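Participant: Turn this into a model:
(4 chains)
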2 protein chains.
Amino acid sequence: MAEIWSVLSADEKRFVTDNLQIHSFKKNQLIYAEGDEPEFLWVLLKGKVKKIKEGVGGRVQILRLIRPVQYFGYRAFFAGEPYVSSAAAFEPSTLGAVPLHIVRDLIQNNMKLAWFFIHELSRNLGGSDTKIVNLTQKHIRGRLAEALVVLADNYGYEDDNCTLKIYMSREDLANLSNMTTSNAIRTLTTFVNEHLLIVDGRRIKIINEPQLRKISKFG
Amino acid sequence: MAEIWSVLSADEKRFVTDNLQIHSFKKNQLIYAEGDEPEFLWVLLKGKVKKIKEGVGGRVQILRLIRPVQYFGYRAFFAGEPYVSSAAAFEPSTLGAVPLHIVRDLIQNNMKLAWFFIHELSRNLGGSDTKIVNLTQKHIRGRLAEALVVLADNYGYEDDNCTLKIYMSREDLANLSNMTTSNAIRTLTTFVNEHLLIVDGRRIKIINEPQLRKISKFG
DNA sequence: CGGAAAATGTGCTGTAAAACATTTTTATGA
DNA sequence: TCATAAAAATGTTTTACAGCACATTTTCCG
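Facilitator: Numbering: from 1, shown residues only, chains lettered A, B, ... in the order given. Coordinates of the predicted model:
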């Protein structure tokens, strides 16, 4: 369980293990929904998870991507609010769930754990602020390029060192970069014509990453 | 010094006081800049402060508004990054500055203080995520209405119970709601014609708040 | 005070991107 | 393996909004 695990004492580890439930989620299955009261700290063990938020007219924005081993679902609890976003599995995934009151008790007696969450929250907040400017000010090409670069940074490449290790629908790609599905498809085609990518179904090969990063930066 | 103060022991309070510097900032003066290494926890004692981030082509987004007594400038330090946004005074303001290494030492020995920051960060992160959807999906009218409502919620009204207790330029209003200055002016005029507001220079009276909130919600 | 600079207000134009529509391709599972 | 649905692709239309130019007013400060 990565970073958290390493700051826990043997007793604390035991305490967590005793209270950890393992859950499996199917592709596109909801883990929790906007408006729900936060109950569990989730840890993604295997698979991929997206945090999403519904906006005007059912339009969806993907807020964050989660990879193993990362934690989520705790922010709302610490804020004393219901969830403001939902979480769903991108693909078949295995997750652990620890009741948040257990987490609270652990933090209360383990300053290192408190620092872990302070650090995580701080990094996420910085990312969120950056995302605001990226999504509101960049043009379509810049936003899609940004999304592709983020996917590469988040999930990496297959063994060929250029195929994105995530296979998402055009719709998800659109929801990630704040555009319509049509425009995601169109812009993707443009990038292919410009020899930045090779696309085969949901398989995306990035063949000119520097140029893509440039577009993402000044787009 | 509000919430933080109340969780400190007498010794800790003394420690903070000994390390607190008071600074005055003029209207529009920069407090710190994007890219700077975080050095101080800032506390706004008097005045108004905005957190801003520059985007494509120098275009500015106002990320957050700060009122007395609120704390800021600590996120980047906890994340171990340089600042990703700048802070500037809206109007003549008085601020306190506590070196962040002092804050770190205090947190290390005071779990209540740790919880304070976990709580703050969590609330801000939720707000930031909500802002993403508001700014990307709502139309101009909705975004401006939202901004006005946020101003009312943040700084409140004058004694007449309808004049916003903040007097900001059209440009700031535009930067808050992700639009050009021209469009902020135009849309403001529309709202006046619709008898939602009365505007006299920078003095904005909200005379139909329910309708404004409705526009903000479905815009 | 007076002149310059900044802020505000309006109209016009071009265009990026949404909305809509239709066809083609790819999955899915009975 | 065929039927049906879902996803992808592509063309057309519409519109919301940025960009710009310019006039007017207000603010600032030497």
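Participant: For A:Val192, pull up the helix or strand it's in.
Facilitator: In this assignment (DSSP states H and E), A:Val192 forms part of helix A:181-193.
Participant: starting at the chain centroid, how far to that helix?
Facilitator: Distance of helix A:181-193 from its chain centroid, counting by C-alpha atoms, centre = their mean, to the nearest Å, is 23 Å.
Participant: Whether it contacts DNA strand D - can you check?
Facilitator: Yes. Helix A:181-193 reaches DNA strand D (C-beta under 7 Å from any atom of the strand) through A:181-182, A:185-186, A:188-189. (C-beta placed from N, C-alpha, C; glycine too.)
Participant: How about the next helix or strand after that helix and DNA strand C, touching?
Facilitator: Going down the chain from helix A:181-193, the next helix or strand is strand A:197-200, by DSSP H and E. No. Contact of strand A:197-200 with DNA strand C (C-beta under 7 Å from any atom of the strand) is absent, the minimum separation being 8.6 Å.
Participant: could you turn strand A:197-200 into CSV, dropping everything but the C-alphas?
Facilitator: Extracted as CSV, the C-alpha positions of strand A:197-200 are listed here (Å, rounded to 0.1, in the frame of the first residue of the first chain):
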residue,chain,number,x,y,z
LEU,A,197,0.3,10.5,-33.4
ILE,A,198,-0.6,7.2,-34.9
VAL,A,199,-4.1,6.1,-33.9
ASP,A,200,-5.5,2.6,-34.2
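Participant: residues in contact with it?
Facilitator: Residues outside strand A:197-200 that contact it (C-beta atoms under 8 Å, 6 or more residues apart in numbering or on different chains): A:148, A:188-189, A:191-192, A:204-208, A:212.
Participant: one more time with 6 Å
Facilitator: Residues outside strand A:197-200 that contact it (C-beta atoms under 6 Å, 6 or more residues apart in numbering or on different chains) are A:191-192, A:204-207.
Participant: same deal with stretch A:71-91?
Facilitator: Under the contact criterion C-beta under 6 Å, 6+ apart, stretch A:71-91 has outside partners A:25, A:27, A:29-38, A:40-43, A:47-53, A:63, A:66, A:100, B:118, B:122-123, B:125-126, B:129-130.
Participant: These in strands, which ones?
Facilitator: Of the contacts of stretch A:71-91, the ones assigned to strands by DSSP state E are A:25, A:30-32, A:40-43, A:49-53, A:63, A:66.
Participant: Of those, which qualify as buried by neighbour count?
Facilitator: Buried by 16 or more other C-beta atoms under 10 Å in any protein chain shown: A:25, A:31-32, A:40-43, A:49-53, A:63, A:66, out of those.
Participant: Most widely separated two among those residues?
Facilitator: Largest separation among those by C-beta to C-beta: A:Val43 and A:Lys53, giving 21.3 Å.
Participant: Tell me, how many residues neighbour A:Leu121?
Facilitator: By other C-beta atoms under 10 Å in any protein chain shown, the residues close to A:Leu121 number 26.
Participant: give the contact list for it.
Facilitator: B:121-122, B:125.
Participant: Export these to JSON lines and append columns for pLDDT and distance to DNA strand D.
Facilitator: Below are those laid out as JSON lines (pLDDT from 0 to 100; distance: C-beta to the nearest atom of the strand, whole Å):
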{"residue": "B:Leu121", "pLDDT": "98", "distance to DNA strand D": "30"}
{"residue": "B:Ser122", "pLDDT": "98", "distance to DNA strand D": "31"}
{"residue": "B:Leu125", "pLDDT": "98", "distance to DNA strand D": "26"}
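Participant: Select only the buried ones of the contacts of strand A:197-200 in PyMOL?
Facilitator: With 16+ other C-beta under 10 Å as the criterion, this PyMOL line picks the buried residues out of the contacts of strand A:197-200:
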select buried, chain A and resi 191+204+205+206
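Participant: Specify which member of the contacts of strand A:197-200 is nearest to B:Ser216.
Facilitator: Distances from B:Ser216 to the contacts of strand A:197-200, taken by C-beta to C-beta, are shortest for A:Phe191, at 36.0 Å.
Participant: Give me the nearest residue to the closest one, chain neighbours excluded.
Facilitator: Spatial nearest neighbour of A:Phe191, excluding adjacent residues (C-beta to C-beta, 6 or more residues apart in numbering or on different chains): A:Leu197 at 4.7 Å.
Participant: got a list of what A:Asn175 touches?
Facilitator: Counted by C-beta under 6 Å, 6+ apart, A:Asn175 has contacts A:60, A:62.
Participant: who does the residue nearest to A:Ala89 when sequence neighbours are not counted bridge with?
Facilitator: With sequence-adjacent residues excluded and distances taken as C-beta to C-beta, 6+ apart, A:Ala89 is closest to A:Phe25, at 4.0 Å. As for beta bridges, A:Phe25 partners with A:Ser93 under DSSP bridges.
Participant: pretty sure A:Phe25 is touching A:Ser93, no?
Facilitator: Yes. Look at A:Phe25 against A:Ser93 with C-beta atoms under 6 Å: they come within range, at 5.0 Å.
Participant: which bits of chain A sit near DNA strand C?
Facilitator: For chain A, the contact set with DNA strand C under C-beta under 7 Å from any atom of the strand comprises A:57, A:139-141, A:178-180, A:182-183, A:201-202.
Participant: what about 10 Å?
Facilitator: With C-beta under 10 Å from any atom of the strand as the criterion, chain A meets DNA strand C at residues A:27, A:56-57, A:59, A:137-144, A:167, A:174, A:177-187, A:200-203, A:219.
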